[in-house]
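Student: Here you go, sequence then predicted model.
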Amino acid sequence: MKISKNGQYALISAADLAMRPGHEPSSISGIADRNKIDKGYLSQIFIVLKKAGIVSSVRGKNGGYFLSKAPSALAVGEVVRAVEGDLAPTRCSIDDNAAQNCEVYDACITRTLWRKIAQEINLTLDGITIADIIEKYKKGNMPNETK
């Protein structure tokens, strides 16, 4: 299982918004420029993030996007799942209806392993907030000022 560019860019964008002074809104262009992400690509991700309630927007001259929750209340897993869907190495690790598509579902020797991996992935991502990411980043790096 790999997290796609969508998941990576969604997480980068959430952290970028959280680091805005006073959490003021930011345009997609600003986020894209600061993080070297294609603006058109990022626009599509923001449609999904807004629909999922991760970000909100305001219109106008000083408008843009902002996080719908405080960075300390927004789990990494919530952001990533919004754009990636369920995070699991196999379908049967999250979906008991997978039995319909699997001839050996009931006798599968590895299904419990895949379920454990899916559980650990989600527990880990849900145990880290956007605020945690920013704190670690600031301790380990000297971030450039945001525009």
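Tutor: In hand now; what should we look at?
Student: in the helix or strand containing Ile31, what's buried?
Tutor: Assigned by DSSP states H and E, Ile31 falls within helix 28-35. Neighbour-count burial for helix 28-35, counted by 16 or more other C-beta atoms under 10 Å, picks out 28, 30-32, 34. C-beta coordinates here come from the backbone N, C-alpha and C atoms, glycine included.
Student: what's the longest helix along the chain in contact with?
Tutor: Ranked by residue count, the top helix of the chain under DSSP state H comes out as helix 111-126. If you take C-beta atoms under 8 Å, 6 or more residues apart in numbering as the criterion, helix 111-126 is touched by 1, 75-78, 80-81, 86-90, 92-94, 105.
Student: got the buried residues for that helix?
Tutor: By neighbour count on 16+ other C-beta under 10 Å, the buried set for helix 111-126 is 111, 114-115, 117-118, 121-122, 125.
Student: Make TSV out of the residues you listed and add distance to Met19 and pLDDT.
Tutor: Converted to TSV, the buried residues of helix 111-126 look like this (distance: C-beta to C-beta, whole Å; pLDDT from 0 to 100):
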residue	distance to Met19	pLDDT
Arg111	41	80
Trp114	36	86
Arg115	36	86
Ile117	32	91
Ala118	31	89
Ile121	26	91
Asn122	25	91
Leu125	20	94
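Student: from those residues, which is closest to Leu42?
Tutor: Nearest to Leu42 among the buried residues of helix 111-126, counting by C-beta to C-beta, is Leu125 at 21.2 Å.
Student: That closest one and Pro89, how far apart?
Tutor: Distance of Leu125 to Pro89, given as C-beta to C-beta, to the nearest Å: 14 Å.
Student: ranges for the helices of this protein?
Tutor: Counting by DSSP H, the chain has helices at residues 5-18, 28-35, 39-51, 76-84, 111-126, 130-140.
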